[in-house]
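# Predicted structure and sequence below. I'll ask about it afterward.
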Amino acid sequence: MKLVVGLGNPGPRYARTRHNAGARVTERLRARWRLPEPEERFEGRFARGRVASLAGLDVGVLEPETYMNESGVAVAAALRKLPVEDPAADLLVVLDDADLPFGRLRLRGAGSDGGHNGLADVLEKLGRRDVPRLRFGIGRPLVAMETADYVLGRFSKEEEAALPAHLERAADAVECFLREGVAAAMNRFNAA
């Protein structure tokens, strides 16, 4: 099976913050794929189903309910129990990235955490760096402020209005990854 993990912080207080962009992508995927309501499993919210638009592929979607800095706890728990054969090919972590312009996507098959604490914890808990990831750009603040305050803030009205189209494109990138692999998805979605 394939597993898509959307990083974020739990609860309504954080639901619409920039730091929850990864979880918003997986919310969009669950709706697109008409997956059942998520259940509490693996220290997160988990839904699974066969996706008709992906030729009946068995896909799980996980949104860790740990705080961002402990995201690896949920991912490691899921990988211990689910039939994910090769995390380097069958796992995709979706996360926010303040170093990318708003809405820009960047896929990678491996690498460093890039200063993202959630991804850092995933890589540490799994003991590997070859974890495919999709970074969703949230941009930098227009005024000087602490990064933590910015990522835990909400999108502007203009960004929120543009967000649905960017989430759809991110969902398209996830589907491309699941169908064709990371190289094809990188070629198609990293360019723009």
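Okay, I see it.

# Now do the same for the closest residue to Asn117 other than its chain neighbours: helix, strand or coil?
The spatially closest residue to Asn117, leaving aside those adjacent along the chain, is Asn69, at 4.7 Å (C-beta to C-beta, 6 or more residues apart in numbering). The way it works is simple: take the backbone N, C-alpha and C, and place the C-beta from them, glycine included. On the three-state scheme (DSSP: H, G, I helix; E, B strand; the rest coil), Asn69 is labelled helix.

# likewise Asp96?
Here Asp96 takes the strand state, with states given by three-state DSSP.

# for the one 5 residues further on, same thing?
Going by three-state DSSP, the secondary structure assigned to Pro101 is coil.

# any idea how far it is from Gly139?
Relative to Gly139, Pro101 is positioned 5 Å away (C-beta to C-beta, to the nearest Å).

# what's around the residue nearest to Asn117, how many residues?
Residues lying near Asn69 (other C-beta atoms under 10 Å) number 12.

# List the residues that contact it.
Applying C-beta atoms under 8 Å, 6 or more residues apart in numbering to Asn69 gives the contacts Asn117, Gly118, Asp121.

# Go through stretch 182-189 and flag the buried ones.
Buried residues in stretch 182-189, counted by 16 or more other C-beta atoms under 10 Å: Val182, Ala185, Met186, Arg188, Phe189.

# which of Pro101 and Gly139 has more neighbours?
Taking neighbours as other C-beta under 10 Å, Pro101 and Gly139 compare with Gly139 leading, 19 against 10.

# wait, isn't that one in contact with Asp97?
No: if you go by C-beta atoms under 8 Å, Gly139 and Asp97 don't touch, sitting 9.2 Å apart.

# Pull the number of nearby residues for Leu57.
16.

# Could you report the neighbour count for the closest residue to it other than its chain neighbours?
Excluding its sequence neighbours, the residue lying closest to Leu57 (C-beta to C-beta, 6+ apart) is Val51, at 5.3 Å. Look at Val51: counted by other C-beta under 10 Å, it has 20 neighbours.

# Repeat that for Pro132.
Neighbour tally, Pro132, other C-beta under 10 Å: 23.

# all strands for this protein, in order.
Assigned by DSSP state E, the chain shows strands spanning 2-6, 39-41, 44-51, 57-64, 91-97, 105-108, 133-137.

# can you pull the contacts of the nearest residue to Asn20 once chain neighbours are set aside?
Counting by C-beta to C-beta, 6+ apart, Gly8 is the residue found nearest to Asn20 once chain neighbours are left out, at 3.5 Å. Gly8 makes contact with Tyr14, Ala15, Thr17, His19, Asn20, Ala21, Gly22, Ala23, Arg24, Glu63, Pro64, Met68, according to C-beta under 8 Å, 6+ apart.

# Val94 versus Gly8, what's the distance?
Relative to Val94, and taking C-beta to C-beta, Gly8 is found at 9 Å.

# Mind listing the shared neighbours of the two?
Ala21, Gly22.

# The chain: helices as residue ranges?
For the chain, applying DSSP state H gives helices covering 21-33, 71-81, 87-90, 117-126, 147-151, 157-180, 182-189.
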